[in-house]
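*Asks:* Task: produce atomic coordinates for the following.
(chains A, B, C and D)
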Number of protein chains: 2
Amino acid sequence: MKKLELFDKHQQDLAKWAKVLSHPARIAILQYLASCNTCISGDISDHLPLSRTTVSQHLKELKEIGLIKGEVEGLKMRYCLDDKAIEALNQIFSDFVTSIQPQNKECC
Amino acid sequence: MKKLELFDKHQQDLAKWAKVLSHPARIAILQYLASCNTCISGDISDHLPLSRTTVSQHLKELKEIGLIKGEVEGLKMRYCLDDKAIEALNQIFSDFVTSIQPQNKECC
DNA sequence: GTTTTATGACGCAAACATACGACATTGTAT
DNA sequence: ATACAATGTCGTATGTTTGCGTCATAAAAC
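*Replies:* Model prediction:
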């Protein structure tokens, strides 16, 4: 019942990026990280209406796809956005949107 | 266990768009619709490695969020992309990407 | 050295998504 | 009218995601 692999690599890739953005908590985390210029660690959880454990899991997903990086700082953890990845994300999505612009306007 | 509504309307919105794009089949459908300038109906299923029923469900989701429109044509169904929605999608995603550009480069 | 603190990993339950066969509906062809 | 075709809906099985409590670990404070 896992048919994902039957599709194009490109399509799978885009789907993966989209999936990471498909939960408001993860979007909120990214925006929070962008806003706090001190790149604060797990008081990210304090800013979200979710338990620390749950936020930790979302952070993990963001890290796995590379959108954020985390560096240990004593007991605490300092997360921050990865510029490069955000640029890549931008590229992938704008390429996709371009790819689905209808080329033939009289079609419908 | 449904905490989605605890987030910002904007965040929820973006998440919804992203969710629709989070499956390769739906991406494939959009790209197929963009490529076939005749906006053909359910032989979309013939182009995908999934059953007709499953494709029908994906089409429904795309239609619900407004990315595609369907018009009855006798027994057949003619689906096509909705330009306006694609433009909106573009806007939403590029706004988001802009919103997470780190403003303070020395941060990390 | 013991306690406190911040964090991640593990395991579970509820909710949701995916995939599909069987059926219903509606339009066309005979 | 009857048969056939294209499509959507329903029910269901299986897989995945979300959310969280509990535990383990490791740095810091005492």
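
*Asks:* which non-adjacent residue is nearest residue A:30?
*Replies:* In this structure, residue A:30 finds its nearest non-sequential neighbour in residue B:100, 5.0 Å apart by C-beta to C-beta, 6 or more residues apart in numbering or on different chains. Heads up, the C-betas are built off the backbone N, CA and C, glycines and all.

*Asks:* which residues does the one you found contact?
*Replies:* By C-beta atoms under 8 Å, 6 or more residues apart in numbering or on different chains, the contact set of residue B:100 is A:30, A:31, A:33, A:34, A:81, A:86.

*Asks:* Surely the third one forms part of a helix?
*Replies:* It stands for residue A:33. Yes: checked against DSSP: H, G, I helix; E, B strand; the rest coil, residue A:33 lies within a helix.

*Asks:* per-residue pLDDT, it?
*Replies:* Reading off the confidence values, residue A:33 has pLDDT 94.

*Asks:* Next up, the contacts around it.
*Replies:* By C-beta under 8 Å, 6+ apart, residue A:33 lies in contact with A:39, A:44, A:68, A:79, A:80, A:81, B:100.

*Asks:* which of the contacts of residue B:100 sit farthest apart?
*Replies:* Spanning the widest gap among those are A:31 and A:86, at 11.8 Å by C-beta to C-beta.

*Asks:* residue boundaries of the helices in chain A?
*Replies:* Per DSSP state H, chain A carries helices over the ranges A:9-20, A:24-35, A:44-47, A:52-64, A:83-99.

*Asks:* helices and strands around the first one, which ones?
*Replies:* Right, helix A:9-20. Secondary-structure packing of helix A:9-20 (3 or more C-beta pairs under 8 Å, 6 or more residues apart in numbering or on different chains; DSSP states H and E): helix A:83-99, helix B:9-20, helix B:24-35.
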